[in-house]
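Enquirer: Dropping a prediction and its sequence here:
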Amino acid sequence: MSKDTTLRGVRILSLALNLPGPATLMRLVNMGAQCTKVNPPQGDPMAFYTADGYSTLHQGVKEVSLDLKTPVDQQKLHKLLAKTDVLLTSFRPSALKKLALSWPSLQLQYPKLSCVSLVGAPGPLAEIPGHDLTYQAEVNLVPGMQLPASLFADMGGALMASEAVLKATLKQSVKGRGSFHEVALSDAAQWLALPRHWGMTLPQGAVGGAHAGYKIYACQNGRVAVAALEPHFAKALCDGVGLKMSSNQTMLTKKTHQSIALFFASQSRAQLDKLAHEKDIPLMTLPKAQ
């Protein structure tokens, strides 16, 4: 497989710690960018949360340690900035201002430098503390007492940040000067929550449990996640179960839900995997819930 060279020759300098910044760098490295990350003397906290994850995210990234509170290391940072195309940050705006790294200061010193600023919330709200959990909770992605299955705001923010780097690079090539791009994790969470906001993933929504072909059922030795949403997939599921599908409305009836549940409960994972292959049904068998 050929290597992605979209950002070949583009030099990225990151001051962004924890998950969103490194996850952004991972994507940028995969696009061919030359990435350097500045860590504080005590290191990036993420290395303590998951050593394996940290190692994976930083493959191909050059790491340096600088104490930005000292004049000597501030000078070292500016030497790096002079050779940088895009700066990635995750500090609050007030912290960047104290370090003389606010966008007006950077623009004055390095006219061709672009900056992508990862913040918690946009504009003046960027000073309010928060984390992935609070941003997901704000947009109703935490409906119960359990923690979310993944860090969706952080990872979504990384996608948006890598997109912003592409925008900045394109602007640089067209206009010959740098640009500023703010990426808010709360905006990423809000974007990811749109299907729930529209009601799609609520219990009465088609992909929230109302459609019998898009659910998780119990089977003999585990679970099965079935995603037979389109009419032809729903018909294949009904054929496999032994049901007659007269219309799309069939998949919304209580009887259909019960019939499919009873059928899956009588089948093993191996039997269902075979059925999926033979009938072209989109499903995935899973072990029993822990």
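Expert: Received, thanks.
Enquirer: quick one: least confident helix or strand in this protein?
Expert: Lowest on mean pLDDT, DSSP states H and E among the helices and strands of the chain sits helix 46-49, with a mean of 92.
Enquirer: for that helix, packing partners?
Expert: Where contact means 3 or more Cβ pairs under 8 Å, 6 or more residues apart in numbering; DSSP states H and E, helix 46-49 is packed against helix 51-57. All C-beta spots, glycine's among them, are computed from the backbone N, C-alpha and C.
Enquirer: What are the buried residues along the helix it packs on?
Expert: Going by neighbour count (16 or more other Cβ atoms under 10 Å), the buried part of helix 51-57 is 54, 57.
Enquirer: quick revisit: what's the least confident helix or strand of the chain in contact with?
Expert: By Cβ atoms under 8 Å, 6 or more residues apart in numbering, the residues outside helix 46-49 that reach it are 17-19, 22, 53-54, 57.
Enquirer: Farthest pair within the residues you listed?
Expert: Pairwise distances across the contacts of helix 46-49 peak at 13.6 Å for L17 and G53 (criterion: Cβ to Cβ).
Enquirer: just to revisit the earlier point, for the least confident helix or strand of the chain, list every residue counted as buried.
Expert: Buried, per 16+ other Cβ under 10 Å, within helix 46-49: 46-47.
Enquirer: All the helices of the stretch 1-150 of the chain, in order from the start?
Expert: Per DSSP state H, counting those that start in this stretch, the stretch 1-150 of the chain carries helices over the ranges 20-30, 46-49, 51-57, 71-81, 93-98, 103-109, 132-138.
Enquirer: which of the ones you listed sits most buried?
Expert: Mean neighbour count (mean count of other Cβ atoms under 10 Å) peaks for helix 20-30 among those, with a mean of 24.
Enquirer: So which residues make contact with the helix or strand containing V183?
Expert: Assigned by DSSP states H and E, V183 falls within strand 180-184. The contact list for strand 180-184 (Cβ under 8 Å, 6+ apart) reads 103, 107, 114-123, 125-126, 157, 160-161, 164-165, 167-168.
Enquirer: make it 7 Å
Expert: For strand 180-184, the surrounding residues in contact (Cβ atoms under 7 Å, 6 or more residues apart in numbering) are 103, 115-122, 157, 160-161, 164, 167-168.
Enquirer: Okay, now the unreliable bits of the stretch 1-150 of the chain?
Expert: Along the stretch 1-150 of the chain, segments meeting pLDDT under 70 span 1-2.
Enquirer: quick one on the thing from earlier: in JSON lines, list the contacts of helix 46-49 along with distance to S246.
Expert: Output for the contacts of helix 46-49, formatted as JSON lines (distance: Cβ to Cβ, whole Å):
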{"residue": "L17", "distance to S246": "57"}
{"residue": "N18", "distance to S246": "53"}
{"residue": "L19", "distance to S246": "48"}
{"residue": "P22", "distance to S246": "52"}
{"residue": "G53", "distance to S246": "49"}
{"residue": "Y54", "distance to S246": "54"}
{"residue": "L57", "distance to S246": "51"}
